[in-house]
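Chemist: with the input below, show me the fold.
(chains A and B)
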2 protein chains.
Amino acid sequence: MRLVVVGGVAAGLSAASRARRVDPSLEIVVLEKGSRISYGACGLPYFIEGSVRTIGELEVYTPEFFERERNVRIRTNAEVVSLRHAQREVVLGSGERVRYDTLVWAAGARPTWRSNDPRVFHLHTDVDAARLDDHLRAQKPATAAVLGGGYIGLEMATALRARGLVVSLYSEAPHFLHWDSPWLTAMVRARLERARVEVHMGAAVRDAAALRQDIVLAATGLTPNVEVPREAGCEVGRSGALAVTDRMETSVRGIFAAGDCCETNHIVSSRPVWIPLGTTANKMGRVAGANAAGRRERFEGIVGTSIVRVAGLAVATAGFSESQARREGFQPVAAKIEARERPKYFRGRPLTVELVADRSTGRLVGAAIAGDDGALARINTVAAALTARMKVEQLASLDLAYAPPYSPVMDPLLVAAGQLLKAL
Amino acid sequence: MRLVVVGGVAAGLSAASRARRVDPSLEIVVLEKGSRISYGACGLPYFIEGSVRTIGELEVYTPEFFERERNVRIRTNAEVVSLRHAQREVVLGSGERVRYDTLVWAAGARPTWRSNDPRVFHLHTDVDAARLDDHLRAQKPATAAVLGGGYIGLEMATALRARGLVVSLYSEAPHFLHWDSPWLTAMVRARLERARVEVHMGAAVRDAAALRQDIVLAATGLTPNVEVPREAGCEVGRSGALAVTDRMETSVRGIFAAGDCCETNHIVSSRPVWIPLGTTANKMGRVAGANAAGRRERFEGIVGTSIVRVAGLAVATAGFSESQARREGFQPVAAKIEARERPKYFRGRPLTVELVADRSTGRLVGAAIAGDDGALARINTVAAALTARMKVEQLASLDLAYAPPYSPVMDPLLVAAGQLLKAL
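Modeler: This next block holds a predicted model:
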């Protein structure tokens, strides 16, 4: 039996590793179109910023490691251009055919914005990052336009400032990070402007030629790599990404999918969503790999948790904003509080917490948190609460840890939940 | 209608405030035996350490604030010595009687260890802390014995080191913080010793006269203040603290109780426990106050969450250790991992996570986490998971937040849950 995994970054290698543990006798081949596997792509902005010295530092495993330690064959520079499922074979760009019994499609996504303008850069792969870094060193551009108000756009605006460039950020959406709360938009904008990033909201840039900056960093969103499996009959969901079951199987039996190319279940709405993130890709990959190797496992889904550092501000969200919740059919009620991460006498920095609940059920449906390092504790507690479909009442009396060096006696999350209870 | 609240620190004032909000017409009187109300007693070790400059900084509200803003009468230096429930009156030390319709008993607890030796100090109240601080300033003692391996003992060992004393710690139990994991005991001990605290485990000190140190800080545990309500017929649980319903009512109708004097439900075992902590006291107080004022609210209980800083190490626990879980009737399985709070390239410090599950149900039943500030995020996520009675399987695929400045791509909690899943 041979398992072929298409894609060797997050989901693909998680699938291969898991399949190996489930079935030591399985033949496993990973086909990766790039030349590097298993690197932490989320660290690339920090390579540009300078916190990470080399892209190599982001590499978790080498192909040799996989071959030697996990008995997984890794083929780099091997792009799959078509999929002949009746024959159970994939066709590579070279024309070579690779036979499989089961397939895991984990080919990821690609930047939607494409341009031939040599001033345009992306930050999607290690190759993108190396090209940008080389350019920054060799050409010493003075000005940059960053397109996109998602997490890559925000991280790159700060990273390019750290490299000394004059930076302008253009966001097509009137808000950042897909979170349409005016207070959060204003807070992020103020932070960027304090870091001397010029901010243009609701500014769609269709053509790099319209921009005068020396370089353009395009981070306007991704398109899932679904063309090949779609041609082979795999269904695509409303989001444009591959539809999968909770076993991570596509609509074509024997073809599994995982990672940025496919949808997953949103636990809060119980609807399929497409939110491409490395953490989710790893989890999907493990389940896809287990099932492809003959186990029966399921992936329950996500709650849309994210955290990003914007010019020193931690911005964390999970679930739905008030207006997203309304679009999802909830009756949202929100409460926002300002508190401190720790007692004042422990130099507690400000933390803003907004919680959103559904009036008809009393359930928590979302949260946005902005502040310092303490945002992590609160958003992860929210993620657990959303996964457990917790009511605000229960959240408000959670037994959270307290000691002055770490938190105030009334955790900001409990204060916010208490406020929200009054509004429900 | 008059509500009398006995005790004006955490539980008592929460009860009074909540009762006021529920019923604006209620007459509310708080009787506090000390002279100060509403101070953050958990900050006292940090006052001794020097992080907090004055005890006044720990004061949250003054009596005047409660009188003026909340229309709550505060009487300090008013100790209740008996309770005549048939007459609905309490008797003060002065002989004065105070009538009530409903009563909230929130008289807290007191240090169990008592001694007339002038070298012996406690750190239970503001008065204790002031006395110790005065003594340290005036007498400049050179050596201290700290009795007790609970959180006050550990915090005080470090605090007295910070004040320049030579410190020896004596713990009657063979472990710290009621958590009997050898690895945690060893790790805490090593930290203390690195901070040059001499550690004696399993060392019961019955008499201060046996100790040669200049001062003795006794933090060997508390006794709940239940004598007065017990004489009035209120039932005491097996722990020695007052038994209460989930509405925070004692066995005597019309007498509610909250805070360090009473038991609460442990959500993991569904059994009453007595774990006196300020955070729990506040929550109990709110529910007691609401019910005393005529609402119907319930307090679900606690999961035993705590965090403490020991010579720079964050030690956080929740639920049950492996051997505690066994004593509670679970079939415990544990897994321990060592990870980093953040990626190495963001100077991630080590974090150890031990999770305990019940084999028969697959449910998480406890966790111990030791490391740096990142311990908070993980223990609070565990607290939410325990409250939701989450299975390890669900915990292992929680959608936790990831960005390199805040966490590694695989959160240590997910890594530990993955390990535990293999063992289940």
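
Chemist: all contacts plus neighbour counts: C-alpha atoms, from now on.
Modeler: Fine.

Chemist: what about A:Arg68, how many neighbours?
Modeler: 10 (other C-alpha atoms under 10 Å in any protein chain shown).

Chemist: which ones are touching A:Gly312?
Modeler: By C-alpha atoms under 8 Å, 6 or more residues apart in numbering or on different chains, A:Gly312 lies in contact with A:Arg191, A:Asp372.

Chemist: can you check A:Gly34 too?
Modeler: Contacts of A:Gly34 by C-alpha under 8 Å, 6+ apart are A:Thr76, A:Asn77, A:Ala78, A:Glu79.

Chemist: for ChimeraX, what selects the buried ones among those residues?
Modeler: To isolate the buried subset of those in ChimeraX, counting by 16 or more other C-alpha atoms under 10 Å in any protein chain shown, use the following:
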select /A:76,78,79
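
Chemist: in this structure A:Ala401 contacts B:Arg309, no?
Modeler: No. At 11.9 Å, A:Ala401 and B:Arg309 do not qualify as touching, with contact defined as C-alpha atoms under 8 Å.

Chemist: those two: which is more packed in?
Modeler: A:Ala401 (26 against 22).

Chemist: contact partners for the closest residue to chain B within the stretch 301-424 of chain A?
Modeler: When scored by C-alpha to the nearest C-alpha, the stretch 301-424 of chain A has A:Ala377 as its residue closest to chain B, at 3.5 Å. Taking C-alpha under 8 Å, 6+ apart, we find A:Ala377 in contact with B:Gly374, B:Leu376, B:Ala377, B:Arg378, B:Asn380, B:Thr381.

Chemist: A:Ala396 versus the fourth one, what's the distance?
Modeler: Okay, so that is B:Arg378. As judged by C-alpha to C-alpha, to the nearest Å, B:Arg378 and A:Ala396 stand 18 Å apart.

Chemist: ok, now the last one?
Modeler: Noted for B:Thr381: a distance of 14 Å to A:Ala396, by C-alpha to C-alpha.

Chemist: neighbour-wise, which of these two wins?
Modeler: Neighbour count, other C-alpha under 10 Å: between B:Thr381 and A:Ala396, B:Thr381 has more, with 25 against 20.

Chemist: where does the more buried one land on pLDDT?
Modeler: With respect to pLDDT, B:Thr381 has a value of 98.

Chemist: A:Gly12 too?
Modeler: For A:Gly12, pLDDT reads 96.

Chemist: report the contact partners of it.
Modeler: Applying C-alpha under 8 Å, 6+ apart, the residues contacting A:Gly12 are A:Val5, A:Val6, A:Val30, A:Val104, A:Trp105, A:Ala106, A:Ala107, A:Ala258, A:Gly259, A:Gly285.

Chemist: return the distance of stretch A:304-317 from the chain's centre.
Modeler: Here stretch A:304-317 is found 12 Å from its chain centre; the criterion is C-alpha atoms, centre = their mean, to the nearest Å.

Chemist: with stretch A:201-210 instead?
Modeler: Using C-alpha atoms, centre = their mean, the offset of stretch A:201-210 from its chain centre is 24 Å.

Chemist: start to end distance for that stretch?
Modeler: 16 Å.

Chemist: contact partners of that stretch?
Modeler: A:Ser115, A:Asp117, A:Val120, A:Leu147, A:Tyr170, A:Ser171, A:Glu172, A:Ala173, A:Pro174, A:His175, A:Val216.

Chemist: gap between the fourth one and chain B?
Modeler: Using C-alpha to the nearest C-alpha, to the nearest Å, one gets 20 Å for the distance from A:Leu147 to chain B.

Chemist: residues in the stretch 251-400 of chain A within reach of chain B, list them.
Modeler: Applying C-alpha under 8 Å from any C-alpha of the partner chain, we find that the stretch 251-400 of chain A lies next to chain B at A:278-280, A:283, A:299-300, A:302-309, A:316, A:345-346, A:373-374, A:376-381, A:383-385, A:387-388, A:390, A:397-400.

Chemist: give me the neighbour count for A:Ala258.
Modeler: A:Ala258, neighbours per other C-alpha under 10 Å, totals 35.
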